[in-house]
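Asker: Pasted the sequence and its predicted model underneath.
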Amino acid sequence: MEQGFVLDQTYGARAVSQWAAGAPVKSFWAGTRMPEEHFIPIGSYRCASCGYLELYARSEFAAK
């Protein structure tokens, strides 16, 4: 497993959540400093019976 965080970077729009590698680092101007690496879109699956969620960070979850 690799440490990372879910990035929320929109205002007034809908977008696919993205995963960023490493630990988040505070930024005075932006809230969280953006890592230099690329971001990986997150997809989720939900159990219709109990509501359990599983999240996966994979390139195929990017908006098309």
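Answerer: Perfect, thanks for sending it.
Asker: Can you tell me the centre-most residue of the protein?
Answerer: Gln18 (2.6 Å; CA atoms, centre = their mean).
Asker: That one against Leu55, yeah?
Answerer: No: contact criterion CB atoms under 8 Å: Gln18 and Leu55 do not qualify, at 11.5 Å. Any C-beta I mention is one placed from the backbone N, CA and C, and that applies to glycine too.
Asker: Which phi and psi values does Ser27 adopt?
Answerer: phi -130, psi 130 (degrees, to the nearest 10).
Asker: Is it bridged to anything, and to what?
Answerer: Each beta-bridge partner of Ser27 is listed here, defined by DSSP bridges: Gly31.
Asker: returning to what we had before: so what's the nearest residue to the residue nearest to the centre of the chain once chain neighbours are set aside up against?
Answerer: Once flanking residues are discounted, Gln18 sits nearest to Phe39: 3.9 Å by CB to CB, 6 or more residues apart in numbering. Going by CB atoms under 8 Å, 6 or more residues apart in numbering, Phe39 touches Leu7, Gln18, Trp19, Ala20.
Asker: so which of these comes closest to Tyr45?
Answerer: Using CB to CB, Trp19 comes nearest to Tyr45 of the contacts of Phe39, at 15.4 Å.
Asker: which regions of this structure sit below the pLDDT cut-off?
Answerer: Applying pLDDT under 70 to the chain flags the ranges 29-37.
Asker: Spell out the residue ranges of the strands in it.
Answerer: Along the chain, counting by DSSP state E, strands occupy 4-7, 18-21, 25-27, 31-33, 40-46, 53-57.
Asker: Tell me which of those lies nearest to Ala63.
Answerer: Closest approach to Ala63 among the strands of the chain (CB to CB): strand 40-46, 7.4 Å.
Asker: buried stuff in that closest one?
Answerer: Of the residues in strand 40-46, those buried by neighbour count under the rule 16 or more other CB atoms under 10 Å are Ile40, Pro41, Ile42.
Asker: Could you check how far the second one is from Gly51?
Answerer: Separation of Pro41 from Gly51 (CB to CB, to the nearest Å): 22 Å.
Asker: same deal with the last one?
Answerer: Separation of Ile42 from Gly51 (CB to CB): 18 Å.
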